[in-house]
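Student: the following block contains a protein sequence and its predicted model.
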Amino acid sequence: MPSTIIDLLDSATRQLEPNSDSARLDAEILLSHVLERDRAYLYTWPEKIVTAQQQQQFDTLLQRRVQGEPVAHITGLREFWSLPLQVTGHTLIPRPETELLVEKTLERIPVDSEFTVLDLGTGSGAIALALASERPRASITAIEQSRQALEIARRNAVQHKLDHIRFLCGDWYAPVEGEHFQIIVSNPPYIAERDPHLETGDVRFEPPTALVAGEDGLRDLYHIIRQAPNYLVNPGYLIVEHGYDQGEAVRNKMKKQGFSDIATYLDLNRQPRITEGTWHQ
């Protein structure tokens with residue numbers, strides 16, 4: 001029996017509610033993907049009949065979501081900073097919380113400035129591309145150890161015609177040995193090895209190397225902070241994302257390494273999420 005857009009959305013929402021905190025949104029994104037229309041179209045034409053082929057395709061995608069697969073992996077896209085980005089199982093799915101990292105970094109880069117920025121662990125390129133879209137004269141270097149993820153980042157840059165980003169493959173600072181930057185930003189892995197959240201939600205489908213950082217989740221953050229003074233100009237800034245319960249540890253580590261003007265900022269959920277410090281040689 002033919003179904004309308006609103007019928008499919010209502011049915012899909014009911015199926016997703018037991019396993020998703022955003023059931024309606026998930027259903028809308030999946031149906032929009034199948035129909036090749038934006039979500040506004042769904043509300044403009046709720047009584048429009050969906051073809052049998054479209055309904056079958058939607059049902060297939062819906063069942064993948066019911067099984068827990070992330071919407072971003074099903075559609076191959078995730079919007080970040082108003083930029084549609086390709087994502088795969090090789091990349092971390094960009095989160096809204098990370099947009100705060102972009103905001104705080106942009107506050108440090110004057111418009112039309114040729115600031116030099118280093119993005120460590122770029123993944124899909126979300127942070128680097130967001131910064132590049134807002135600061136076209138900035139010189140941005142993005143490093144990623146996964147060649148598969150780096151290829152996705154390069155594709156995203158081409159898609160959005162952001163050609164002033166240098167992509168390098170390697171482990172943290174290794175590819176830029178001897179270079180110096182005005183700002184270093186990073187959203188590194190910061191989940192502890194035995195964190196029970198690793199067995200729930202979307203993170204089950206994401207690469208562990210983009211999520212896990214030692215027994216307490218601080219290994220990579222500490223490495224980035226410890227080495228940052230060797231790669232910053234005077235003055236320079238280090239801005240990192242971390243877990244909601246890691247702010248104090250990150251601030252203490254920055255202080256120990258000689259950073260000043262250290263501050264932690266709250267994300268949309270009022271959780272400590274971003275910490276920055278200033279480096280003076």
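Tutor: Happy to help now that I have it.
Student: quick one, longest helix in the chain?
Tutor: In the chain, with assignment by DSSP state H, the single longest helix is helix 52-66.
Student: average model confidence for the helix or strand just after that one?
Tutor: Following the chain from helix 52-66 toward its C-terminal end, the next helix or strand by DSSP states H and E is helix 71-75. The predicted model gives helix 71-75 an average pLDDT of 86.
Student: and for stretch 236-248?
Tutor: Summarised as a single mean, pLDDT over stretch 236-248 is 93.
Student: in it, what's buried?
Tutor: Residues Gly236, Tyr237, Leu238, Ile239, Val240, Glu241, His242, Gly243, Gln246, Gly247 are the ones in stretch 236-248 that count as buried (16 or more other CB atoms under 10 Å). In this view, the C-beta of every residue, glycine as well, is placed from N, C-alpha and C.
Student: start and end of it, how far apart?
Tutor: Terminal residues of stretch 236-248 lie 21 Å apart, using CA to CA, to the nearest Å.
Student: for Tyr190, what are its contacts?
Tutor: The neighbourhood of Tyr190, defined by CB atoms under 8 Å, 6 or more residues apart in numbering, consists of Ala213, Gly217, Leu218, Asp220, Leu221, Glu241, His242, Gly243, Gln246.
Student: what's the longest helix of the chain packed up against?
Tutor: In terms of contacts (3 or more CB pairs under 8 Å, 6 or more residues apart in numbering; DSSP states H and E), helix 52-66 is packed against helix 5-16, helix 23-35, helix 71-75.
Student: how about that helix: buried residues?
Tutor: Within helix 52-66, the residues that count as buried by 16+ other CB under 10 Å are Gln54, Gln55, Gln57, Phe58, Leu61, Leu62, Arg65.
Student: what are the contacting residues of that helix?
Tutor: When contacts are defined by CB under 8 Å, 6+ apart, helix 52-66 is touched by residues 2-3, 8, 12, 15-16, 19-20, 26-27, 30-31, 33-35, 50, 71, 74-75.
Student: pull the CA atoms of the host helix or strand of Gln227 into PDB?
Tutor: Element membership for Gln227, per DSSP H and E: helix 219-227. Listed in PDB are the C-alpha atoms of helix 219-227, where the atom choice follows Å, rounded to 0.1, in the frame of the first residue of the first chain:
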ATOM      1  CA  ARG A 219      47.600  10.100  27.100                       C
ATOM      2  CA  ASP A 220      47.200  12.000  23.800                       C
ATOM      3  CA  LEU A 221      46.100  15.200  25.500                       C
ATOM      4  CA  TYR A 222      49.200  15.100  27.700                       C
ATOM      5  CA  HIS A 223      51.500  14.400  24.700                       C
ATOM      6  CA  ILE A 224      50.000  17.300  22.700                       C
ATOM      7  CA  ILE A 225      50.300  19.700  25.600                       C
ATOM      8  CA  ARG A 226      53.900  18.600  26.500                       C
ATOM      9  CA  GLN A 227      55.200  19.000  23.000                       C
END
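Student: name every strand pairing with whatever helix or strand comes next after it and say which way it goes.
Tutor: Tracing the chain past helix 219-227, the next element assigned as helix or strand by DSSP H and E is strand 232-241. Taking DSSP bridges as the criterion, strand 232-241 sits next to strand 181-186 (parallel), strand 272-279 (antiparallel) in its sheet.
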